[in-house]
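Undergrad: Any chance you can model this:
(2 chains)
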2 protein chains.
Amino acid sequence: MSTTDTALTSFIDIASDSDFSIHNLPYGIFSDTTDGKRRAGVAIGEQVLDLSVIEAEGLLNLEGGSYFDQPTLNAFIDSGRNNWTQARNTIQSLLSSDNDTLRDNADLQKKALFKQTDVTMHLPVQVPGFTDFYSSKEHATNVGTMFRDPNNALLPNWTEMPVGYNGRASTVIVTGTDIVRPSGQLKPNADERPVFSACKRLDFELETAFVVGKGNNIGQPIAVDDAFAHIFGMVLLNDWSARDIQKWEYVPLGPFNAKTFASEVSPWIVTMDALAPFKTSCPTQEPKPLAYLNEKDTDNSFDINLSVELLPENAESATVVCETNFKYMYWSMAQQLTHHTITGCKVEVGDMMGSGTISGSTPDSYGSMLEIAWNATKPVTLKGGETRSFIEDGDTVIMKGYSEKNGIRVGFGEVRGKVLPAINFDFDK
Amino acid sequence: MSTTDTALTSFIDIASDSDFSIHNLPYGIFSDTTDGKRRAGVAIGEQVLDLSVIEAEGLLNLEGGSYFDQPTLNAFIDSGRNNWTQARNTIQSLLSSDNDTLRDNADLQKKALFKQTDVTMHLPVQVPGFTDFYSSKEHATNVGTMFRDPNNALLPNWTEMPVGYNGRASTVIVTGTDIVRPSGQLKPNADERPVFSACKRLDFELETAFVVGKGNNIGQPIAVDDAFAHIFGMVLLNDWSARDIQKWEYVPLGPFNAKTFASEVSPWIVTMDALAPFKTSCPTQEPKPLAYLNEKDTDNSFDINLSVELLPENAESATVVCETNFKYMYWSMAQQLTHHTITGCKVEVGDMMGSGTISGSTPDSYGSMLEIAWNATKPVTLKGGETRSFIEDGDTVIMKGYSEKNGIRVGFGEVRGKVLPAINFDFDK
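TA: I've put the predicted structure just below:
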């Protein structure tokens, strides 16, 4: 059964614009009560198929044991590609119109299918390491223009390597987690000392992240033509950023406090197998990368539509503030992963690696408020008339993503986060 | 029984210059064969006391379960301060001259005591997060002078906050692990493109790291006067660095490949309880830190002697290339931890936080070859006549540390790493 077989249908009722077609089958971790037992599921239409039930019923038998009655997907992912393939094929078959196993078993359906609106989603993997790249040329150029020097916006190393930095795995959180506005050091006046304050330039960053499916040993880099096979799937990532804290702290060792309060991801890992039909090329890389980054396969990117919506506290509806596409990313995920390991760094199953903010070439495709409102010089007017240069308390930021081709739609759902007011610190002076 | 009771002696024969006196009792993870079962032990003189045996014999009963027949110390550390105190008191008593329980039980000694030379040491904790600070004013000034601008060597944020960055937990390794010389992008000529090459400026960084003993919740910073109580203990850290890779890659997001191939630690976690007698003050902080970093307790540093030795492949003996002291660090560990969490970052039990290179004010107290040989302009002459500006293949770097006062010595042992030649990459051009 091919994942690109457009005739493939499910017995489950799936809207034509659903992100979760039978061609998708993304993996997540859910519980049916907020504090309930966590186990693995697959999104299908508006429902979740409980894989722990399917496995317990003997309908999904993978090599090496059982994997889905677990609070994270790490063990399943770590079990390897044969199991990824077998699980996908088995689940696709079970959900297809022409298979009566689940279709005609009302009791099993009752046990194994949940409405997505009735369940709580959790982080899909335990994340050993979180890395953030900086691979959109447009974003790097825009930030360089505003933060440094318009005449030398793109630093010389940028076109030679996928620049990135290590983030903080402990603050990777799942959609729906509220964000407390961070407080820290700002330096509003060049001639005065910094102050301690709530962040005044809170921003989102529209990103995707890939999930490492196969690690390496320390001291043994992953060759660029092997790297793609080390990737299990992708999620949406809102890499929340405190621009004013960042501007003051980031020289010379990079962003720290400005980035470590919330890196928020969508709950469903869309597999590279599901995304395969949407392969496309990265932009032309000029100069040609050094040999260690030179991929044979130029079909190394994906056509994924991405958007950001902003929903103020009492607004009637959200306003789309950005529409862009993953395919604008200059460096491929394989190049990122190879570069990450080139000096011998070990990567592990469950590691998440952010793309960096994904900006297109026009203001309506910029992936952060910093760029959209151009350093607060061009505030955005929302539906209802409110304006925004950065994110305010009570605002909800919603990111969505999907691929679509020949009637097949494979989507990510959303990552959604609401900003709460800062802590009222009361220091003993 | 007080840890500062100088009359306290052990029935075990301990040399007066041993790092592992009865006042120390550092925790580690060992196995008696290379691939054998990992369990917790305490170093005493030249021996290891197997805590899993002591616990199984009913001689060490802690609240909440058993903790030492485990491959990491995380569960013990996570069990809290009451257990830390009770374990220390119980072990100290068991090893003391006036307690006959172990002293007079030859069978138990045979089961529970191993020679350190007969066991293999492992990473003492599973490390969820690794952070590296940059808290030596002398080091930051030296590097700023060489890498940027001698007239503005110390950047303006440096005296306002403990600058740091997130490292890579997956490449924290234990003493004795060989280091493969990393390869990556260098830019030897300003007017030409970078090249892929083995690192030519491989360096050590003399650091300590503290181990987090108690975490926080995301969004809830740790107050500076509470922070010290969140620290379980300390280790020595050689934060291996590829200076030529670092110089080309680090703008604007900080060090990445240059620092993620090996962060090597000593195997014994020396507890803050053992280090308590050696408290001292950080250097005067001017300007006075912002309120969130302003510690009430000025007894916030430790008098720890540190040294680095270099041992070339065929040399008869090692040469001491650096002698310095932890007390020179400008920012305290409590300030580092508070700053780390101020925007809401979550820290976890087992996190390691590096001090940054510890340099004193004179060339013989600089904590890296970059500084000691002043950017290769003043090569160091070793015993036997060889010279070094950076670390060469076959070299072993050995770092040691200890505190001593009123006849009490508490030491770290050593972190030792040998450099192997780079991988011979063979790219399909």
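Undergrad: only C-alpha atoms for contact and neighbour calcs from this point on.
TA: OK.
Undergrad: Which residue ranges of the stretch 151-300 of chain A form helices?
TA: For the stretch 151-300 of chain A, applying DSSP state H, counting those that start in this stretch gives helices covering A:224-227, A:243-249, A:272-275.
Undergrad: Just list what the first one packs against, helices and strands only.
TA: Counting by 3 or more CA pairs under 8 Å, 6 or more residues apart in numbering or on different chains; DSSP states H and E, the packing neighbours recorded for helix A:224-227 are helix A:333-341.
Undergrad: In the stretch 1-150 of chain A, which residue sits closest to chain B?
TA: Using CA to the nearest CA, the single residue of the stretch 1-150 of chain A nearest to chain B is A:P128, 6.6 Å away.
Undergrad: ok so, going back, would you format the helices of the stretch 151-300 of chain A as CSV with mean neighbour count included?
TA: What follows is the helices of the stretch 151-300 of chain A, written out as CSV (neighbours: other CA atoms under 10 Å in any protein chain shown):
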stretch, mean neighbour count
helix A:224-227, 18
helix A:243-249, 22
helix A:272-275, 21
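Undergrad: Format these as TSV; extra columns: mean pLDDT.
TA: Shown next, in TSV, are these (pLDDT from 0 to 100):
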stretch	mean pLDDT
helix A:224-227	98
helix A:243-249	96
helix A:272-275	98
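Undergrad: Just tell me which of these ends up closest to B:G213.
TA: Shortest separation from B:G213 across those is recorded for helix A:243-249, at 26.7 Å, computed as CA to CA.
Undergrad: who does the helix or strand of chain A with the lowest mean pLDDT touch, helix- and strand-wise?
TA: One helix or strand of chain A scores below all others by mean pLDDT, DSSP states H and E: helix A:137-147, with a mean of 93. Judged by 3+ CA pairs under 8 Å, 6+ apart, the packing partners of helix A:137-147 are helix A:369-372.
Undergrad: What residues does A:W248 make contact with?
TA: Under the criterion of CA atoms under 8 Å, 6 or more residues apart in numbering or on different chains, the neighbours of A:W248 are A:185-187, B:157.
Undergrad: most neighbours, which of those?
TA: Most neighbours among the contacts of A:W248, by other CA atoms under 10 Å in any protein chain shown: A:Q185, with 28 neighbours.
Undergrad: Could you give the bridge partners of that one?
TA: A:F196 (DSSP bridges).
Undergrad: For the stretch 101-250 of chain A, give me the ranges with low pLDDT.
TA: Scanning the stretch 101-250 of chain A for pLDDT under 70 picks out nothing.
Undergrad: A:D32: neighbour count?
TA: For A:D32, using other CA under 10 Å, the count is 17.
Undergrad: and A:T141, which of the helices of the stretch 151-300 of chain A is closest to it?
TA: Comparison of these against A:T141 by CA to CA identifies helix A:243-249 as nearest, at 15.9 Å.
Undergrad: picking that back up, can I get the CA coordinates of the least confident helix or strand of chain A in PDB?
TA: Output in PDB follows, covering the C-alpha atoms of helix A:137-147 (Å, rounded to 0.1, in the frame of the first residue of the first chain):
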ATOM      1  CA  LYS A 137      18.700  33.600   4.800                       C
ATOM      2  CA  GLU A 138      15.900  36.200   4.900                       C
ATOM      3  CA  HIS A 139      15.500  36.000   8.700                       C
ATOM      4  CA  ALA A 140      19.300  36.200   9.300                       C
ATOM      5  CA  THR A 141      19.500  39.200   7.000                       C
ATOM      6  CA  ASN A 142      16.600  41.000   8.600                       C
ATOM      7  CA  VAL A 143      17.900  40.500  12.100                       C
ATOM      8  CA  GLY A 144      21.400  41.400  11.100                       C
ATOM      9  CA  THR A 145      20.100  44.600   9.600                       C
ATOM     10  CA  MET A 146      18.200  45.600  12.700                       C
ATOM     11  CA  PHE A 147      20.600  44.300  15.400                       C
END
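Undergrad: State the pLDDT value of the nearest residue to A:L95 once chain neighbours are set aside.
TA: Using CA to CA, 6 or more residues apart in numbering or on different chains and skipping the chain neighbours, the partner closest in space to A:L95 is A:S10 (5.4 Å). pLDDT recorded at A:S10 is 97.
Undergrad: give me the number of residues near A:S10?
TA: So A:S10, with other CA under 10 Å, has 21 neighbours.
Undergrad: That one and B:P188, how far apart?
TA: According to CA to CA, to the nearest Å, A:S10 and B:P188 sit 59 Å apart.
Undergrad: rewinding a little: go ahead and confirm the residue of the stretch 1-150 of chain A closest to chain B touches A:A169.
TA: Yes. Counting by CA atoms under 8 Å, A:A169 is a contact partner of A:P128 at 6.3 Å.
Undergrad: These two - which one has more neighbours?
TA: A:A169 (27 against 20).
Undergrad: Contacts only, for the more buried one.
TA: A:127-130, B:128-129.
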